[in-house]
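Engineer: the following comprises the amino acid sequence and a computationally predicted model.
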Amino acid sequence: MNAVLLGFTCLLLPLLGSTQFLDMACGIRAPSPASSRAKNATIASLTSSPWMVFLHSTDDRFVCGGTLITNRLVLTAAHCFLDGTQLIARLGEYDREASDTCHDSYCTYRIEAFVERGFRHRLYRKSTMSHDIAILRLYKKVQYTDNIRPICIVTDTRWRHFIDSLDPLTGTGWGRTESEPDSGKLRSVDLFRKGPEVCQRYAKLTLTTNQFCAGNEYSNLCNGDSGGPLGALIPFGKSKRFIQVGIASFTNPQCLMVSAFTDVLSYIDWIRTVHNFRT
């Protein structure tokens with residue numbers, strides 16, 4: 001897999017139009033039964049996150065989470081893009097230990113999609129985790145179904161005040177649990193925004209203006225959740241859409257108190273450039 005490095009040096013909601021999201025078929029959930037509780041997180045409901053991507057290597061090693069943002073692009077963290085490793089994006093994943101099946105009219109059919117090319121932000125620095133964002137382009141376009149659908153990426157920067165006011169935000173992933181190195185089922189947790197000084201204190205990380213801090217005292221994202229989304233369900237027209245606000249980037253070794261997230265709206269010009277990159 002080749003890496004391409006790219007980079008570039010009030011109303012509650014803005015007026016709605018046809019260019020609000022990167023893919024207007026985004027953020028839609030199928031009806032779902034209520035979720036069950038776990039110790040420090042929730043076992044996500046079956047239909048809650050059809051945009052989740054399970055990234056693994058060709059030897060079936062779990063690497064990171066990610067989100068489908070168009071029918072061919074996956075958004076993740078730059079540190080999840082491993083040089084010399086062919087990544088495969090598993091779409092439609094929920095319970096890693098269960099077979100494909102149908103529950104009433106909802107089916108959990110998975111798709112394994114090879115990554116053709118990776119785009120990692122050219123200013124990414126492992127030492128500071130700054131600009132921790134990457135996009136993976138799949139070899140082929142995928143067809144949307146109830147359990148495979150993109151998350152909403154806001155393209156209008158006039159949404160900034162509204163997005164920054166969303167609190168708490170919901171994170172999802174298959175990362176480490178209290179008793180296991182990773183989770184069989186997709187988990188979900190609501191995290192509250194914290195000031196950058198809290199990330200400095202507990203995660204030893206000085207945040208840039210393109211990052212933000214969020215977490216709880218006894219529940220947080222953890223190893224394996226990297227690259228996954230932090231977002232919120234918002235009203236849109238006569239329905240609701242789930243938008244991605246952050247990308248899980250960095251936490252402390254205990255996975256408590258806080259995590260640092262890449263602020264997605266800060267990179268919308270870069271995301272659009274990758275989206276339009278054809279060669």
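Structural biologist: Sure, I can see it. Residues are numbered from 1 along each chain as shown.
Engineer: just the helices in the stretch 51-200 of the chain please.
Structural biologist: 160-165, 196-203 (DSSP state H, counting those that start in this stretch).
Engineer: turn these into CSV, including distance to Ser127.
Structural biologist: Quick note: C-beta positions are derived from backbone N, CA and C, even for glycine. Conversion of those to CSV gives the following (distance: least, CB to CB, whole Å):
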stretch, distance to Ser127
helix 160-165, 27
helix 196-203, 14
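Engineer: the spatially most central residue of the chain and Ser249, how far apart?
Structural biologist: Centrality entry for the chain: nearest residue to the mean C-alpha point is Pro229, 2.4 Å, by CA atoms, centre = their mean. Relative to Ser249, Pro229 is positioned 12 Å away (criterion: CB to CB, to the nearest Å).
Engineer: also Met257?
Structural biologist: With distances taken as CB to CB, Met257 is found 15 Å from Ser249.
Engineer: more crowded one of these two?
Structural biologist: Neighbours were counted for Met257 and for Ser249 using other CB atoms under 10 Å; Ser249 has more, 28 against 20.
Engineer: right, and that one touches Asp225 too?
Structural biologist: No. In this structure, Ser249 sits apart from Asp225 without contact. The criterion is CB atoms under 8 Å, and the distance is 10.0 Å.
Engineer: which pLDDT value goes with Gly184?
Structural biologist: According to the model's per-residue confidence, Gly184 sits at a pLDDT of 78.
Engineer: for it, give me its contacts.
Structural biologist: Remark: with contacts taken as CB atoms under 8 Å, 6 or more residues apart in numbering, Gly184 is in contact with Asp95, Arg96, Glu97, Trp174.
Engineer: farthest-apart pair in those, please.
Structural biologist: Glu97 and Trp174 (11.1 Å; CB to CB).
Engineer: overlap of the contact sets of these two?
Structural biologist: Residues within reach of Glu97 and of Trp174 at once, by CB under 8 Å, 6+ apart, are Gly184, Lys185.
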